[in-house]
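Visitor: below: sequence and its predicted model.
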Amino acid sequence: MENIDIKKIIIAILIVIILAIGIFFALRFATVQDKDYTLEVISEEDYKYFSVYTDGKYGVINTNGEMIINNEYTKVTIPNPTKAIFICVKEDNSKEILNENGEKILTNFQNVSEINLSDNVSTAPYEKSVLQYEENGKYGLIDYNGKIITKPIYEEIASLKYKEGEILAKKDGKYGVINNRGVVLVPFEYDDIVGDRYNKNSKKDAGYIVSNVTEDGYMYGYINYKWKKLLNTEYTEINRILDTDSEDIYLIASKDRKVWLDKE
């Protein structure tokens with residue numbers, strides 16, 4: 001009986017261990033999946049709407065050349081030229097968000113604005129799936145249908161430089177990164193964050209150069225595209241080597257006037 005009981009206990013322990021390992025990897029996989037996001041790719045051939053300037057004012061025409069928004073605004077922004085959402089600024093600097101019928105939309109949100117891309121792009125220089133809105137001096141994200149992606153909890157919102165689809169947000173005085181689904185990618189622990197400029201396969205494959213202000217000035221660290229911290233913020237300069245065919249990440253990091261070549 002004692003042997004049988006011991007065997008049962010051992011089997012039970014093994015089952016618990018296997019279940020724990022399975023749950024760990026399932027949660028890890030789900031977390032990575034949750035952080036993924038979609039980037040909309042459009043070309044000039046896909047454009048359906050265009051801003052037009054006549055008689056000193058702006059309006060909107062469609063691909064047939066029909067005027068769908070009268071030229072009566074000092075500025076018209078079309079965040080995604082395949083979607084009928086037009087941010088129109090009047091002479092008194094007030095905004096109207098209009099659809100293709102000239103109807104006001106997203107009226108239950110304050111100060112709805114486009115999010116400018118921070119790097120140089122040739123077409124559609126805005127985030128193509130999200131807009132920002134303001135409430136009580138804080139900012140949040142909505143999609144083009146007015147669905148709330150994040151509550152207005154951020155002190156600042158801007159696109160992350162060199163990484164389209166990712167948003168640089170400020171919370172409690174520190175910067176972090178969320179994606180266009182509102183999921184936190186980089187925690188709110190830094191005084192500045194930029195992408196590392198890698199875009200050989202996709203801008204999604206770029207990592208993050210993060211920095212904090214110290215008594216000695218800005219100190220830099222590095223987080224890879226899988227959101228794993230590789231270097232703490234203790235370097236005076238970090239640059240990624242871009243001209244390489246290797247899938248490895250090579251970084252030039254300076255510290256105490258010395259230079260290291262770090263490889264992931």
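Guide: Happy to help now that I have it. None of the values given here were measured: they were computed from a predicted structure. Numbering: from 1, shown residues only.
Visitor: for residue 204, which three-state class applies?
Guide: Secondary structure assignment for residue 204 (DSSP: H, G, I helix; E, B strand; the rest coil): helix.
Visitor: now for it: which residues touch it?
Guide: 39, 163, 165, 225 (Cβ atoms under 8 Å, 6 or more residues apart in numbering). Just so you know, the C-beta spots here come from the backbone N, C-alpha and C atoms, and that holds for glycine as well.
Visitor: how near is it to residue 90?
Guide: Taking Cβ to Cβ, to the nearest Å as the measure, residue 204 falls 38 Å from residue 90.
Visitor: cool, and residue 196?
Guide: Using Cβ to Cβ, one gets 41 Å for the distance from residue 196 to residue 90.
Visitor: more crowded one of those two?
Guide: Ranked by neighbour count (other Cβ atoms under 10 Å), residue 196 and residue 90 place residue 196 first, with 23 against 12.
Visitor: excluding its backbone neighbours, what's nearest that one?
Guide: With sequence-adjacent residues excluded and distances taken as Cβ to Cβ, 6 or more residues apart in numbering, residue 196 is closest to residue 240, at 4.1 Å.
Visitor: tell me the mean pLDDT for stretch 181-190?
Guide: Mean pLDDT, stretch 181-190: 97.
Visitor: and for it, what's in contact with it?
Guide: With contact meaning Cβ under 8 Å, 6+ apart, stretch 181-190 is reached by 34-35, 37, 141, 149-150, 166, 169-172, 174-179, 193, 208, 210-212, 223, 227, 233.
Visitor: return a PyMOL selection command for the buried portion of these.
Guide: Buried residues within these, by 16 or more other Cβ atoms under 10 Å, are selected in PyMOL with:
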select buried, resi 37+141+149+150+166+169+170+171+174+175+176+177+178+179+193+208+210+211+212+223+227+233
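Visitor: now, the contacts of stretch 181-190 that are in strands?
Guide: Residues of those located in strands (DSSP state E): 141, 166, 169-171, 174-179, 193, 208, 210-212, 223, 233.
Visitor: how about the helices in the stretch 1-150 of the chain?
Guide: Shown for the stretch 1-150 of the chain, the helices assigned by DSSP state H, counting those that start in this stretch span residues 2-35.
Visitor: show me where it has strands.
Guide: Shown for the stretch 1-150 of the chain, the strands assigned by DSSP state E, counting those that start in this stretch span residues 49-54, 57-62, 67-73, 75-77, 86-89, 95-98, 110-113, 130-135, 138-143.
Visitor: turn the ones you listed into JSON lines, including distance to residue 256.
Guide: Putting the strands of the stretch 1-150 of the chain into JSON lines (distance: least, Cβ to Cβ, whole Å) gives the following:
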{"stretch": "strand 49-54", "distance to residue 256": "52"}
{"stretch": "strand 57-62", "distance to residue 256": "54"}
{"stretch": "strand 67-73", "distance to residue 256": "55"}
{"stretch": "strand 75-77", "distance to residue 256": "47"}
{"stretch": "strand 86-89", "distance to residue 256": "49"}
{"stretch": "strand 95-98", "distance to residue 256": "50"}
{"stretch": "strand 110-113", "distance to residue 256": "43"}
{"stretch": "strand 130-135", "distance to residue 256": "41"}
{"stretch": "strand 138-143", "distance to residue 256": "39"}
